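Colleague: pasting a predicted model and its sequence here:
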Amino acid sequence: MSTARTQTRAPGRVRAVTSLANPLVKDIRALAMKKFRDQQGAFVAEGLKLVIDALNLGWTIRTLVHAKAGRGNPAVEKAASRVVAAGGDVLEVSEKVLAAITRRDNPQMVVGVFTQQTRPLNQVRPADDEVWVALDRVRDPGNLGTVIRTVDAVGAKGVILVGDSTDPFAIETVRATMGSIFAVPVVRASTDAFLEWRRQFAGLVVGTHLKGAVDYRSVDYSGQPVLLVMGNEQQGLPDAITEACDRLVLIPQAGRADSLNLAVATGVMLFEIRRKALVMPEVER
């Protein structure tokens with residue numbers, strides 16, 4: 001999924017850190033700001049299970065940070081050994097340092113600093129019954145994280161961020177994905193690049209729109225790749241992207257609200273598409 005070249009790294013180091021003034025801690029805390037995430041090509045994610053899942057999926061952990069309480073925990077020590085063997089560093093820190101890194105009063109025991117991975121748009125070539133989601137200028141990190149998590153849950157293939165969207169590697173976004181950031185390919189593209197790519201897309205492009213004339217449940221999504229296009233939280237889809245859709249659909253509302261939250265609407269659409277187009281896993285009884 002990464003566009004970066006894999007390089008052999010020397011084994012990392014393990015060190016104890018107790019001061020907020022430590023340069024390594026300062027660098028990790030700076031990743032709370034997008035400018036530094038972009039400069040370093042890195043981001044922060046929390047949780048032991050998430051770290052283990054990421055390692056198993058082949059992600060690179062630059063630095064593993066764990067609380068002193070993690071010393072002696074077999075799972076923590078095994079994860080730390082894997083990080084060091086792959087060339088990453090391990091920091092054993094105080095609760096104060098961990099709270100400062102996560103910006104939480106009750107932080108999880110383990111935090112990982114990961115190398116960002118995105119997929120180039122020209123490498124996205126959906127086939128068969130694959131489903132992708134394109135989000136136009138999504139602004140809210142919670143919405144984006146929830147969409148990524150839902151894409152993972154439904155078995156869709158990835159998310160394309162179109163235009164000036166919120167950062168998929170912001171800590172709020174990563175938290176909302178609940179680890180799915182490591183399983184779902186993310187693509188970033190300008191509007192022009194997306195529209196050019198769409199011209200080569202051999203499948204069904206469906207957009208949700210308040211002026212959509214078709215009930216989303218009436219569309220046959222099967223037998224072809226599907227691209228679901230969702231608009232900005234406040235403005236919806238712009239004209240250029242609206243015109244690029246094969247079908248504009250509407251999710252009927254029964255109450256006073258005239259629209260759904262972006263993440264909820266995306267979830268409704270994806271599970272309907274899955275019901276009709278994707279192979280659903282067998283449920284054990």
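Modeller: Cool, the structure landed.

Colleague: mind listing the strands the lowest-mean-pLDDT helix or strand in the chain pairs with, and their directions?
Modeller: Of all helical and strand segments in the chain, the minimum by mean pLDDT, DSSP states H and E falls on strand 14-17, at a mean of 86. Sheet partners assigned to strand 14-17 using DSSP bridges are listed as strand 89-93 (parallel).

Colleague: export the partner strand as CSV, just CAs?
Modeller: The C-alpha atoms that make up strand 89-93 are tabulated as CSV, following Å, rounded to 0.1, in the frame of the first residue of the first chain:
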residue,chain,number,x,y,z
ASP,A,89,13.1,2.6,18.7
VAL,A,90,11.3,1.8,21.9
LEU,A,91,10.7,4.4,24.6
GLU,A,92,9.7,3.3,28.1
VAL,A,93,8.1,6.4,29.6
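
Colleague: list the contacts of the most centrally placed residue in the chain.
Modeller: With distances taken as C-alpha atoms, centre = their mean, residue 181 lies nearest the centre of the chain, 3.5 Å away. Each residue near residue 181 by C-beta atoms under 8 Å, 6 or more residues apart in numbering is listed here: 45, 145, 148, 168-169, 173-174. (C-beta placed from N, C-alpha, C; glycine too.)

Colleague: so it sits in a strand?
Modeller: No. For residue 181, which was evaluated using DSSP: H, G, I helix; E, B strand; the rest coil, the result is helix, with no strand membership.

Colleague: could you chop this protein up by domain?
Modeller: Under the assignment named as automatic domain parsing, the residue ranges that make up the domains of the chain are 14-115, 121-277.

Colleague: list the contacts of the helix or strand just after the least confident helix or strand of the chain.
Modeller: Using DSSP states H and E, the helix or strand that follows strand 14-17 in sequence is helix 23-30. With contact meaning C-beta under 8 Å, 6+ apart, helix 23-30 is reached by 17, 19-20, 36, 40, 44, 63, 65, 89, 91, 93, 97, 100-101, 111, 113.

Colleague: report all helices and strands that the next helix or strand after helix 23-30 contacts.
Modeller: Next helix or strand after helix 23-30 toward the C-terminus (DSSP H and E): helix 34-40. Under the contact criterion of 3 or more C-beta pairs under 8 Å, 6 or more residues apart in numbering; DSSP states H and E, helix 34-40 touches helix 23-30.

Colleague: off-centre distance for the helix it packs on?
Modeller: Remark: helix 23-30 is offset 23 Å from the chain centroid, using C-alpha atoms, centre = their mean, to the nearest Å.

Colleague: using CSV, write out every CA atom in that helix.
Modeller: Provided in CSV are the C-alpha atoms of helix 23-30 (Å, rounded to 0.1, in the frame of the first residue of the first chain):
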residue,chain,number,x,y,z
PRO,A,23,13.9,15.8,22.2
LEU,A,24,12.4,12.5,21.1
VAL,A,25,9.3,13.3,23.2
LYS,A,26,9.1,16.8,21.7
ASP,A,27,9.2,15.4,18.2
ILE,A,28,6.4,12.9,18.9
ARG,A,29,4.3,15.6,20.5
ALA,A,30,4.8,17.8,17.5
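
Colleague: pLDDT on it, on average?
Modeller: Helix 23-30 carries an average pLDDT of 95.

Colleague: buried residues, it. List them.
Modeller: Across helix 23-30, burial judged by 16 or more other C-beta atoms under 10 Å covers 24-25, 28-29.

Colleague: can you put the residues you listed in TSV and add distance to residue 231?
Modeller: Shown next, in TSV, are the buried residues of helix 23-30 (distance: C-beta to C-beta, whole Å):
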residue	distance to residue 231
24	41
25	40
28	35
29	35
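
Colleague: state the helix or strand in which the closest residue to residue 227 other than its chain neighbours lies.
Modeller: Once flanking residues are discounted, residue 227 sits nearest to residue 205: 4.7 Å by C-beta to C-beta, 6 or more residues apart in numbering. Using DSSP H and E, residue 205 falls within strand 204-208.

Colleague: partner strands of the helix or strand following that strand, with direction?
Modeller: Per DSSP H and E, the first helix or strand lying C-terminal to strand 204-208 is strand 214-215. Counting by DSSP bridges, the strands paired with strand 214-215 are strand 247-250 (parallel).

Colleague: any buried residues in the strand it pairs with, and which?
Modeller: Using 16+ other C-beta under 10 Å as the test for burial, strand 247-250 gives 247-249.

Colleague: pull the CA atoms of that strand into CSV?
Modeller: The C-alpha atoms that make up strand 247-250 are tabulated as CSV, following Å, rounded to 0.1, in the frame of the first residue of the first chain:
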residue,chain,number,x,y,z
ARG,A,247,-26.7,7.9,-10.9
LEU,A,248,-27.8,10.4,-8.2
VAL,A,249,-29.6,8.8,-5.4
LEU,A,250,-31.5,9.9,-2.4
